[in-house]
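*Asks:* Predicted model, plus sequence, below.
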Amino acid sequence: MEKRKTVAVGMSGGVDSSVAALLLKEQGYDVIGLYMVNWEEEGENGCCTAEADYEDVKRVCNKIGIPYYTVNFAKEYADRVFSYFLKEYEAGRTPNPDVLCNREIKFGPFRDYALALGADFIATGHYCGIRHENGRHFLLKAVDENKDQTYFLNQVTQPQFENVLFPLGGICKPQVREIAEKYGLSTAAKKDSTGICFIGERNFRNFLRNYLPAKPGKMMT
């Protein structure tokens, strides 16, 4: 009998990655849940929701019957994503850290870690599709145009897309929530995350001042 393939799913504690893991389990894969810590907040004014999100990951994984682990990529994130984010703002440009995070973290160290665990594939809850053909990997627009996330994956390289699955590419968001509710997942009604993960609900300008103090200069017209 052929050995079942193993998929490591990047779990965020949200409904999308929860349902992605569930669907892969239903398709007959051995599924592993991996929760990534990419930001470690310092100080009492921190807003990081990592602990609460990990509790949601544990509840979902226990519900669908899969093992789960947590892995810390905070240093890699600071070096490869956050430092770039600050440099771009300092230069007067507006970066998108989520795009860089996908290339430098989720499909970099996370992918390597998952494969080292013995996974045959990695998967995320992104709304997009992928086609593997003759050694090439083609990113496909999601069925749910309102949620399509192909833009956020535009810098991921061809080798990084090898062995990648996107279970939600053919499903609309309302259906994802219906599936989560049907199977009794605790994340079924959880609010979608918005904004930049390391800023959360804080004032963006005040956050930047902690790292990029305002400098006086001439007013140009």
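*Replies:* Cool, got the structure.

*Asks:* what packs against the strand ranked longest in the chain?
*Replies:* Ordering each strand of the chain by length in residues (DSSP state E) puts strand 30-37 first. Applying 3 or more CB pairs under 8 Å, 6 or more residues apart in numbering; DSSP states H and E, one finds that strand 30-37 makes contact with strand 6-11, helix 15-26, helix 50-64, strand 68-72, helix 109-116. Bear in mind the C-beta positions are built from the backbone N, C-alpha and C, glycine included.

*Asks:* how about 10 Å then?
*Replies:* strand 6-11, helix 15-26, helix 50-64, strand 68-72, helix 74-77, helix 109-116, strand 121-123 (3 or more CB pairs under 10 Å, 6 or more residues apart in numbering; DSSP states H and E).

*Asks:* would TSV of these with mean pLDDT and mean neighbour count be doable?
*Replies:* Converted to TSV, the helices and strands packed on strand 30-37 look like this (pLDDT from 0 to 100; neighbours: other CB atoms under 10 Å):
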stretch	mean pLDDT	mean neighbour count
strand 6-11	98	26
helix 15-26	98	24
helix 50-64	94	18
strand 68-72	95	15
helix 74-77	92	17
helix 109-116	96	18
strand 121-123	98	22
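
*Asks:* want to try CSV for the ones you listed, with distance to Asn96 as columns?
*Replies:* Below are those laid out as CSV (distance: least, CB to CB, whole Å):
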stretch, distance to Asn96
strand 6-11, 19
helix 15-26, 19
helix 50-64, 21
strand 68-72, 23
helix 74-77, 14
helix 109-116, 19
strand 121-123, 22
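
*Asks:* worst-scoring helix or strand of the protein, pLDDT-wise?
*Replies:* helix 204-209 (a mean of 77; mean pLDDT, DSSP states H and E).

*Asks:* Show me the shaky parts of the chain.
*Replies:* The chain contains residues with pLDDT under 70 at 1, 41-48, 194-202.

*Asks:* How about the contacts made by Tyr113?
*Replies:* Ala8, Leu34, Met36, Tyr69, Val71, Phe73, Ala119, Ile122 (CB atoms under 10 Å, 6 or more residues apart in numbering).

*Asks:* could I get those residues as JSON lines with distance to Arg205?
*Replies:* Below are the contacts of Tyr113 laid out as JSON lines (distance: CB to CB, whole Å):
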{"residue": "Ala8", "distance to Arg205": "38"}
{"residue": "Leu34", "distance to Arg205": "34"}
{"residue": "Met36", "distance to Arg205": "28"}
{"residue": "Tyr69", "distance to Arg205": "37"}
{"residue": "Val71", "distance to Arg205": "32"}
{"residue": "Phe73", "distance to Arg205": "27"}
{"residue": "Ala119", "distance to Arg205": "41"}
{"residue": "Ile122", "distance to Arg205": "36"}
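
*Asks:* hmm, which two among those are most spread apart?
*Replies:* Phe73 and Ala119 (16.3 Å; CB to CB).

*Asks:* measure Thr187 to Ile32 for me?
*Replies:* Thr187 sits at a distance of 18 Å from Ile32 (criterion: CB to CB, to the nearest Å).

*Asks:* Relative to Val143, how far out is Ser186?
*Replies:* 26 Å.

*Asks:* Repeat that for Ile122.
*Replies:* Taken as CB to CB, the span from Ile122 to Val143 is 21 Å.

*Asks:* can you check Leu24 too?
*Replies:* 18 Å.

*Asks:* what packs against the least confident helix or strand of the chain?
*Replies:* Against helix 204-209 (3+ CB pairs under 10 Å, 6+ apart) you get helix 83-90.
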